[in-house]
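1. Predicted model and sequence below, questions to follow.
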Amino acid sequence: MAVTRTVLVHPLLVRITHWINAFAITCMAMSGWQIYNASPLFGFRFPAWATLGGWLGGAIAWHLAAWWLLAINGLVYVAYGLALGHFRKHLLPITPVLVWTDFRAALALRLRHQIGQYNAVQKLSYVVVLLLLILAVLSGLALWKPVQFQALAGLLGGYEVARRIHFVAMAGIVAFVVLHLSLVILVPRTLPALITGRARAKPDASQ
């Protein structure tokens, strides 16, 4: 009979940056929807209950405050990930074959969950959302200071194109959050480890 043991899954810094990111992204999305409502790109508006700031000026204030929080927190996380090999250990390797194999296993409900390890689909989603966050930051700078960052705005195709890029990046980030929450609901035992940092595992670190 296998004896379970408690293992460290998420270090303290990873947990802190994760929850700060969750708060900052929520504030940025909701305030961003309020900003969008002031000048819609498409034929719809976001409901008032899903927005933050109350009006355009308030939404911009919330958006910029959350942006600074996200940027500083992101730099801390990236520095940690590069210095201690967190990215290399948890997000690599990613290959089309591995992604397709794990995706098929997930569709068939046969995808195994191993404590402290990401499957290839998870790895790909985390890399994609990191790239989307970078794209959102760059396009956001072009929208915030189009004169000071006119070279960046030009590189993105101009102010109006930057607005659409920013919207698409935001939509992708929100889609990731929805997927992330859905997986937590489907596998709720992963949530306590994001709070305590530890989880119970068999000696081979699998469940």
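-> Structure received.

2. Was I right to think Ser31 contacts Trp62?
-> Yes: the pair Ser31 and Trp62 qualifies as a contact (Cβ atoms under 8 Å) at a distance of 3.9 Å. No exception for glycine: its C-beta is placed from N, CA and C like everyone else's.

3. Of those two, which one has the most company?
-> Set Ser31 next to Trp62 and count neighbours by other Cβ atoms under 10 Å: Ser31 wins out with 24 against 21.

4. does Trp33 belong to a helix or a strand, and which?
-> Here Trp33 sits within helix 12-38, counting by DSSP states H and E.

5. where does the spatially most central residue of the chain fall, phi/psi-wise?
-> In the chain, the residue lying closest to the centroid (Cα atoms, centre = their mean) is Val129, at 5.0 Å. Reported as degrees, to the nearest 10, the phi and psi values for Val129 are phi -70, psi -30.

6. do the same with Gly54
-> Taking degrees, to the nearest 10 as the convention, Gly54 sits at phi 80, psi -40.

7. quick revisit: need the residues touching each of Ser31 and Trp62.
-> Common neighbours of Ser31 and Trp62, counting by Cβ atoms under 8 Å, 6 or more residues apart in numbering, are Leu52, Gly53.

8. Quick check: Leu143 touching His166?
-> Yes: between Leu143 and His166 there is a contact under Cβ under 8 Å: 6.1 Å.

9. Compare neighbour counts for the two and give me the winner.
-> Between Leu143 and His166, His166 has the larger neighbour count (other Cβ under 10 Å), namely 24 against 16.

10. SS state for that one?
-> Classification of His166 using DSSP: H, G, I helix; E, B strand; the rest coil returns helix.

11. ok, and the closest non-adjacent residue to it?
-> Nearest non-adjacent residue to His166, counting by Cβ to Cβ, 6 or more residues apart in numbering: Ser139, 4.0 Å away.

12. That neighbour contacts Ala162, correct?
-> Yes: Ser139 is in contact with Ala162 according to Cβ under 8 Å; the separation is 4.8 Å.

13. hey, what's in contact with both of the two?
-> Here Ser139 and Ala162 share the contacting residues Leu156, scored by Cβ under 8 Å, 6+ apart.

14. what's Glu160 in contact with, if anything?
-> Applying Cβ under 8 Å, 6+ apart, no residues qualify as near Glu160.

15. Let me know whether Ile195 touches Val14 as I believe.
-> No: if you go by Cβ under 8 Å, Ile195 and Val14 don't touch, sitting 12.0 Å apart.

16. between those two, who's got more neighbours?
-> Neighbour count, other Cβ under 10 Å: between Ile195 and Val14, Val14 has more, with 18 against 11.

17. Please report how far the more buried one lies from Arg198.
-> Remark: distance between Val14 and Arg198 (Cβ to Cβ, to the nearest Å) = 12 Å.
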